[in-house]
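Enquirer: sequence first, predicted coordinates after that:
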Amino acid sequence: LKKEAAKAAKAAKKAEAKGGTPAGPAISTEPPSGTRDFFPAEMRTRNWLFAKFRETARQLAFVEYDAPVLEAEQLYVRKGGEEITQQMYNFTDKDGKAVSLRPEMTPTLARMILSLGGKVLLPVKWFSIPQCWRFETVQRGRKREHFQWNMDIVGEASIAAEAELLAGVTSFFKSVGVTSADVGIKVNSRKVLAAILKMYGIDDDKFEAVCVIVDKLDKIGPDETVQLLRDAQVSDEAARKIVASLSLRSIGELQELVGEHPVAADAMREMKELFALAEAYGFGDWILFDASVVRGLAYYTGIVFEGFDRKGELRAICGGGRYDKLLSLYGSPTVVPACGFGFGDCVIMELLQEKGLLPHLEPEVDFVVCPFNAEMRLHAVQVAATLRAAGYAVDVLLANKRADKAFSYADRVSGRRMVFVAPDEWDKGSVRVKDLRLERSEEEKLADRGIELPVAELV
Ligand SMILES: Nc1ccc(Br)nc1
């Protein structure tokens, strides 16, 4: 107890010295609940991941866009009862406007395309890596923000668009060392559900609510799913047929269930074409038909897909699908076909961590420039400016340090070479350069005098 009390007293004294109260720092040093700080090391990994997203987008000739994180709340008001719209990080701003931090990017994309009116030449292939938000209750302890790579094709009705999106997903996975043995992509079509609803005379306006309900199947089980469908005024027979259709394991079985219904036939044709294109692209081993995939967004109208880890330990890695009616919902005078996917930054990071695929990333400092003393600082910064003008990353020691302290600083910032700017060499127009990457002991480092180089030969 005495030890604990002494420790607490020391911490309180330290905090007080920093302007904090005896209880601790003056302010909380934690980010808001459910959000993350990205310190330099985490930021390097995030930048690495986003660079892989951007490289894949570049290879598929997608172009980047962005928009405010804040949107009018009405952009997300949908009647489907989706979780995403029930967890909006929304508020009334000081103008009395109902606004929300964006929970997803697709509505923003639709708004931007609509804002261009007839001036936009379709199809467009756009991507973005927005931070998206949800207001989770603290008890659930889940995150409230993530970054989500979005890739969308607007203006193409054929399955060629979905095939390109899947090419993008699989190309990204390959680019970070994930294989089809690690990850698969389940593919289904909501047109099957649409066909079943039509077969049972269920009104189209129930389609979105039915999709949101059946997306819960994995979590709530078949009986409760049937009950929720019954609550949504779907007949018991239709509800059981819908739930039965979700457990089919082949397109052939599906064919038997829905027979020759025109909407279902369209779904079958599209899926067969998609699987043929997948083989031609070379990612056929990544995708599999799975009738249980519905995805939780109300606005999907056709093909839907989701990436999953084959060990079944993680949540869905990414997901997407076709949403041909969203732009009409927002007021487009014509039907504008569209499809896209979202790829969050969290689950993929868990997968890469588990597979040992995260690179070890260090800062890239080419030179650490060290003035011998205060008088030599004028010349040291001249050397630094010359090196920087040549494109090098240069860290100038801000305080005059002894050589051993300079070395430990250079190690800490991962400097590749040290440049000492000292009077003797400077009088001869030179500086002394030491390679810091050589495997040597501290003593050898200190003993090593490096090489003397004319400043002009540094670059
Ligand atoms: N839609 C959404 C937003 C933020 C997080 Br974290 N997850 C899902």
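Expert: Noted; the coordinates are in hand.
Enquirer: drop to CA atoms for contacts and neighbour counts, all remaining ones
Expert: Will do.
Enquirer: quick check: Gln227 vs the ligand, distance?
Expert: Using Cα to the nearest ligand atom, to the nearest Å, Gln227 is found at 26 Å from the ligand.
Enquirer: er, Val365 I mean
Expert: Val365 is 34 Å from the ligand, by Cα to the nearest ligand atom.
Enquirer: report the contact partners of that residue.
Expert: 392-395, 413-416 (Cα atoms under 8 Å, 6 or more residues apart in numbering).
Enquirer: just the buried members of those residues?
Expert: The neighbour-count test (16 or more other Cα atoms under 10 Å) applied to the contacts of Val365 identifies 392-395, 414-416 as buried.
Enquirer: can I get those in TSV including pLDDT, distance to the ligand and secondary structure?
Expert: Converted to TSV, the buried ones among the contacts of Val365 look like this (pLDDT from 0 to 100; distance: Cα to the nearest ligand atom, whole Å; DSSP: H, G, I helix; E, B strand; the rest coil):
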residue	pLDDT	distance to the ligand	secondary structure
Tyr392	97	38	coil
Ala393	98	35	coil
Val394	98	37	strand
Asp395	98	37	strand
Ser414	92	33	coil
Gly415	95	36	strand
Arg416	95	38	strand
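Enquirer: and the gap between Phe308 and Ile348?
Expert: Distance check for Phe308 against Ile348: by Cα to Cα, to the nearest Å, it reads 10 Å.
Enquirer: likewise for Asp448?
Expert: 45 Å.
Enquirer: can you pick out the residue with more neighbours from these two?
Expert: More crowded of Asp448 and Ile348, by other Cα atoms under 10 Å: Ile348, with 21 against 12.
Enquirer: wait, the more buried one touches Ala316, no?
Expert: No. Contact criterion Cα atoms under 8 Å: Ile348 and Ala316 do not qualify, at 9.2 Å.
Enquirer: residues from this protein in reach of the ligand?
Expert: Applying Cα under 6 Å from any ligand atom, we find that the chain lies next to the ligand at 84, 103-104, 132-134, 143-146.
Enquirer: check contacts around the nearest residue to Asp395 once chain neighbours are set aside.
Expert: Leaving aside its sequence neighbours, Asp395 sits nearest to Val368 (Cα to Cα, 6 or more residues apart in numbering; 4.7 Å). By Cα under 8 Å, 6+ apart, Val368 lies in contact with 394-397, 410, 415-419.
Enquirer: rerun that using 10 Å as the cut-off
Expert: Contact analysis of Val368 by Cα atoms under 10 Å, 6 or more residues apart in numbering lists 384, 393-397, 406-407, 409-411, 413-420, 433-434, 436.
Enquirer: also Val263?
Expert: 191-196, 198-199.
Enquirer: how far is stretch 320-328 from where the chain is centred?
Expert: Distance, stretch centre to chain centre, for stretch 320-328: 21 Å (Cα atoms, centre = their mean, to the nearest Å).
Enquirer: which residues in the stretch 201-350 of the chain form helices?
Expert: Shown for the stretch 201-350 of the chain, the helices assigned by DSSP state H, counting those that start in this stretch span residues 207-214, 217-231, 236-245, 251-258, 262-281, 326-329, 345-354.
Enquirer: so which of those helices gets nearest Ser175?
Expert: Ser175 lies closest to helix 345-354 among those, at 11.8 Å (Cα to Cα).
Enquirer: residues of that closest one that come out buried?
Expert: 345, 347-349, 351.
Enquirer: now do stretch 178-198
Expert: Buried-residue list, stretch 178-198, by 16+ other Cα under 10 Å: 178, 180, 183-198.
Enquirer: what's the answer for stretch 213-230, then?
Expert: Using 16+ other Cα under 10 Å as the test for burial, stretch 213-230 gives 213-217, 222, 225-230.
Enquirer: and the residues you listed as CSV, adding pLDDT?
Expert: Formatted as CSV, the buried residues of stretch 213-230 follow (pLDDT from 0 to 100):
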residue, pLDDT
Ile213, 93
Val214, 92
Asp215, 92
Lys216, 92
Leu217, 91
Pro222, 93
Thr225, 95
Val226, 96
Gln227, 97
Leu228, 95
Leu229, 95
Arg230, 96
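Enquirer: so which of those comes closest to Tyr65?
Expert: Checking those against Tyr65 by Cα to Cα gives Asp215 as the nearest, at 30.0 Å.
Enquirer: run the chain-centre distance for stretch 347-365.
Expert: Computed by Cα atoms, centre = their mean, the separation of stretch 347-365 from the middle of its chain amounts to 14 Å.
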